[in-house]
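>>> 3D, please:
(chains A and B)
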Amino acid sequence: MKHFTKWAAAAAMALAGTAVAAEGIYAPNLSYRTGPFAATGIPLMNGQADYINMLNARDGGIGGVMIDFDECETGYSTQKGVECYEKTKGKAVVTQPWSTGITLQVLPKTNVDQIPILAPGYGFSPMSDGKTFSWAFNAPAGYWDAASMIVQYLEGMGDLNGKKIAFLHLDHPYGKEPIPVFEALAAAKGFEFLPIPVGLKEMQNQSAQWLQIRRERPDNVVMWGWGAMNAGAITEAVKTKYPMENFIGVWWSGHNADLAIVGEKGKGYKSISWSFPNMDAPVMADIQKYIVAEGKTKSNETEMQGVFYGRGIVISAILAEGIRVAQAEYGVGEISAEQLRWGLENLNFTAERIDELGLTGMMLPFSTSCSNHTGHSGGWMLEWDGEKFVKVSDHLKADVASYAALAGEKAAEYAAANAPWPMNDGC
Amino acid sequence: MLRDIFITPFVDMWTAPDFLMQVLWEGLVSGILYALIALGFVLIFRSSRIFNFAQGIMVVFAALTLVGLYAMGVPAWICVILTLGVMFLLAVAIERVVLRPLVGQPDIILFMATIGVTLFLIGFGEIIFGGENKVMITEELGIPTDSYLLEPFGGLLILEQKDITAVAVAAMLVVGLLVFLNRTRMGRAIRALGDDHQAALSVGISLQTIWVLVWFIAGIIALVTGIAWGARAGVSFALEVIAYKALPVLMLGGLESIAGAIIGGLMIGMLEKLFEIYWGQPLLGGNTETWFAFVLALIVLLFRPQGLFGERIIERV
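Numbering: from 1, shown residues only, chains lettered A, B, ... in the order given. Here you go, the predicted model:
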């Protein structure tokens, strides 16, 4: 009943929204539409913006309050990202840093400024520990979840004992993020783990890395690439005749445009993903009607069918749901950053709710809590069929328990290194 | 440890000669492309004493123009001609708008101006073409994309036809450039300007014409480099960072020497690949290509501050 009352209050506010003369909720996005990583950023940013703009056009915002979805361009540079954070933090209810490097830099600042970080599927994996990182959220899944799911999928193909898995990764905080979990899994399951770093200047010329792969003959290559690194790796894999069915990328290495460069030759390449593009989902029809038909999108037909555009929509849907939950809880339209923090901590994406939002088939159910800021939705294994990505697995779930202790340990290490660090002892 | 440094790498080379050949081939391909980028720097520096920071973005801009025109339905080879036209207009614009007003200013001002050109081209390029990764029109230009699979010493050597084409075209471009600089009137004018500005001007060589010419030649080099690199992993603004690989080539070969740029590029391409594969990956965890070329260049500078082929500057006091 209490829950119903909150939703009713939110609905009432929605009706009265225009009379309240709302100024809008300022939700900036630290975008990267330029620079070496723009290929990854553009479809994601377009999906994010189109979803929020659709809500503004279709529903008059959320709870009757328009969303001021601003972009501050970082070019994926940590320095520019921090500048964008400082520039937008004054009236922002959320910060979306879009890079593990930027996330790590603004993490201590958000404690002081009391602004929630929303980093869906990226950032520092121990952020799942809500007791330590009360202002940071990486729902619906973190990098350690991805590592666990990939190993689980490979194990499903056969015993990993005695096998060799090469880890081709960007030599950047993002690329190094899952290494502790892969090392722990290698020790537990008896496979050899071989990290192969790719420098920023070598992203488009990875011949040395693929010569090493040819020499080492790994059973599988797992890639943690971003931006131009993905296309560089995929073309080298084709060139060196590496069997594509043994090549798996994290969710940021599953971009249609990168695979389109090799087309049929990339057939069999896989990518773990917590989102999937579903052109038949009702939300796509609404975006078509309110945004595309009105000429308000920066995207195009091909991009909108891709994995990254769909993921951008899911990311904004997570933010929008956090805003709705907070509005319902506090009975106000123009929520504060602190109230949004509560909203993001109480997300409950059930299968029914996903359908209600028109996101059927695009994401998996998950919920967050005070102590669990990741949600651990799990994901699907996608495979490139020569033209597009298709699902080749059922719902995969990370074995969170296997690295829970490590997450706690790393969170404690981080808090000690940044002492005095505020803990949310109420969790 | 000493064994890993002094014996194991050579044993590996001896026992797997096909793999060594593959490493050297990959180094050669990278090296010739580094050399091409370095040539763009050298040409402009020789004729104007300007260190052209914009060379990297010119590679991106030329490649994006090519694929952008093709996306508009223009036939591939017409796109090449039109792109050359765009690069010529860019050279004229840079000379008129950026360089001409700064004649006589200190070198650092001209260098800063090329940074301005870089930033302008990044913004302008992103507005016109967008930042997405684009597919190079390799096959449309008639560049073969299959591979030759050879079996030397019973092993495997993969030679990509587009890499062979890139090496051949780059070699032809270098030869053509050398002939142009040494055998033509305009080429000699460029060299004269590089040797002594005042003397060259006094015999009627037009500074403006030569500057447009060298920036246009740098544009041609940028287009060839853009096609070769773009064919490997697509065309995006990430290509710009490849220009930084030319810096150690210039340090090694000297800023004024065309032969230095070519030999320096080939040396760095092959040595960094050999070091990475046989020493870097087994002993240092890999990714040594990020710094190896700079360390090599610094070592050379310790003994030859003007680079291997640079001119020794003697100033009389």
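>>> C-alpha only now, for contacts and for neighbours.
OK.
>>> Next one: the lengthiest helix in chain A, is it in contact with chain B?
Scanning chain A for the helix with the most residues, using DSSP state H, yields helix A:307-330. No - residues of helix A:307-330 contacting chain B under CA under 8 Å from any CA of the partner chain: none, with a closest distance of 12.4 Å.
>>> What helices and strands are in contact with that helix?
helix A:2-16, helix A:38-59, helix A:337-345 (3 or more CA pairs under 8 Å, 6 or more residues apart in numbering or on different chains; DSSP states H and E).
>>> switch to 10 Å and redo it
helix A:2-16, helix A:38-59, strand A:117-118, helix A:256-260, helix A:282-287, helix A:301-304, helix A:337-345, strand A:348-349 (3 or more CA pairs under 10 Å, 6 or more residues apart in numbering or on different chains; DSSP states H and E).
>>> State the mean pLDDT of that helix.
Taken as a whole, helix A:307-330 has an average pLDDT of 98.
>>> sorry, back to before: can you put the helices and strands packed on helix A:307-330 in a markdown table and add mean pLDDT and distance to residue B:269?
Output for the helices and strands packed on helix A:307-330, formatted as a markdown table (pLDDT from 0 to 100; distance: least, CA to CA, whole Å):
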| stretch | mean pLDDT | distance to residue B:269 |
| --- | --- | --- |
| helix A:2-16 | 45 | 63 |
| helix A:38-59 | 96 | 27 |
| strand A:117-118 | 97 | 42 |
| helix A:256-260 | 92 | 26 |
| helix A:282-287 | 98 | 48 |
| helix A:301-304 | 95 | 36 |
| helix A:337-345 | 97 | 50 |
| strand A:348-349 | 98 | 52 |
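>>> among those, which is nearest residue B:79?
Closest to residue B:79 of the helices and strands packed on helix A:307-330 is helix A:256-260 (CA to CA; 21.9 Å).
>>> is the closest one anywhere near chain B?
Yes - contact of helix A:256-260 with chain B (CA under 10 Å from any CA of the partner chain) involves A:257, A:258, A:260.
>>> can you check stretch A:39-46 too?
Yes - Stretch A:39-46 is in contact with chain B by CA under 10 Å from any CA, via A:39, A:40, A:41, A:42, A:43.
>>> what's around the residue of the stretch 1-150 of chain B found nearest chain A, how many residues?
Residue of the stretch 1-150 of chain B nearest chain A, by CA to the nearest CA: residue B:132 (4.3 Å). By the criterion of other CA atoms under 10 Å in any protein chain shown, residue B:132 has 26 neighbours.
>>> How many neighbouring residues does the nearest residue to it once chain neighbours are set aside have?
Spatially, and ignoring its direct neighbours in sequence, residue B:132 is nearest to residue A:39 (4.3 Å; CA to CA, 6 or more residues apart in numbering or on different chains). Using other CA under 10 Å, residue A:39 has 28 other residues around it.
>>> Alpha carbons only: can I get stretch A:292-307 in PDB?
What follows is stretch A:292-307, C-alpha atoms only, in PDB (Å, rounded to 0.1, in the frame of the first residue of the first chain):
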ATOM      1  CA  VAL A 292      13.700  10.300 -35.100                       C
ATOM      2  CA  ALA A 293      10.600  11.500 -37.000                       C
ATOM      3  CA  GLU A 294      11.000  14.900 -35.500                       C
ATOM      4  CA  GLY A 295      14.600  15.100 -36.700                       C
ATOM      5  CA  LYS A 296      16.000  15.400 -33.200                       C
ATOM      6  CA  THR A 297      18.400  12.500 -33.200                       C
ATOM      7  CA  LYS A 298      22.100  12.600 -34.000                       C
ATOM      8  CA  SER A 299      22.000   8.900 -34.800                       C
ATOM      9  CA  ASN A 300      21.200   7.000 -38.000                       C
ATOM     10  CA  GLU A 301      19.400   3.800 -38.900                       C
ATOM     11  CA  THR A 302      22.400   1.600 -39.000                       C
ATOM     12  CA  GLU A 303      23.800   2.800 -35.700                       C
ATOM     13  CA  MET A 304      20.300   2.400 -34.000                       C
ATOM     14  CA  GLN A 305      20.400  -1.300 -34.800                       C
ATOM     15  CA  GLY A 306      23.700  -1.800 -33.100                       C
ATOM     16  CA  VAL A 307      24.600  -3.000 -29.600                       C
END
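>>> Which strand or helix spans the residue nearest the centre of chain A?
Nearest to the mean C-alpha position of chain A, by CA atoms, centre = their mean, lies residue A:121 at 2.8 Å. Taking DSSP states H and E as the definition, residue A:121 sits outside all helices and strands.
>>> so who does residue 43 touch?
Since no chain was named, I'll use chain A. Listed by CA atoms under 10 Å, 6 or more residues apart in numbering or on different chains, the contact partners of residue A:43 are A:33, A:49, A:255, A:257, A:298-300, A:303-304, A:306-313, B:132.
>>> my bad, chain B
B:49-52, B:177, B:181, B:190-191, B:194, B:214-215, B:217-218, B:255-258.
>>> looking at this, it is in a helix?
Yes - Residue B:43 forms part of a helix when assessed by DSSP: H, G, I helix; E, B strand; the rest coil.
>>> gap between it and residue B:137?
28 Å (CA to CA, to the nearest Å).
>>> Ok, residue A:416 next?
For residue A:416, the distance to residue B:137 - CA to CA - is 53 Å.
>>> Low-confidence bits of the chain, can you list those?
In the absence of a named chain, chain A is used. Scanning chain A for pLDDT under 70 picks out A:1-23.
>>> looking at chain B here, not the other one
B:311-317.
>>> And the strands in chain B?
B:147-150, B:157-160 (DSSP state E).
>>> Including mean neighbour count and distance to residue A:267, could these go into JSON lines?
Below are those laid out as JSON lines (neighbours: other CA atoms under 10 Å in any protein chain shown; distance: least, CA to CA, whole Å):
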{"stretch": "strand B:147-150", "mean neighbour count": "13", "distance to residue A:267": "18"}
{"stretch": "strand B:157-160", "mean neighbour count": "19", "distance to residue A:267": "20"}
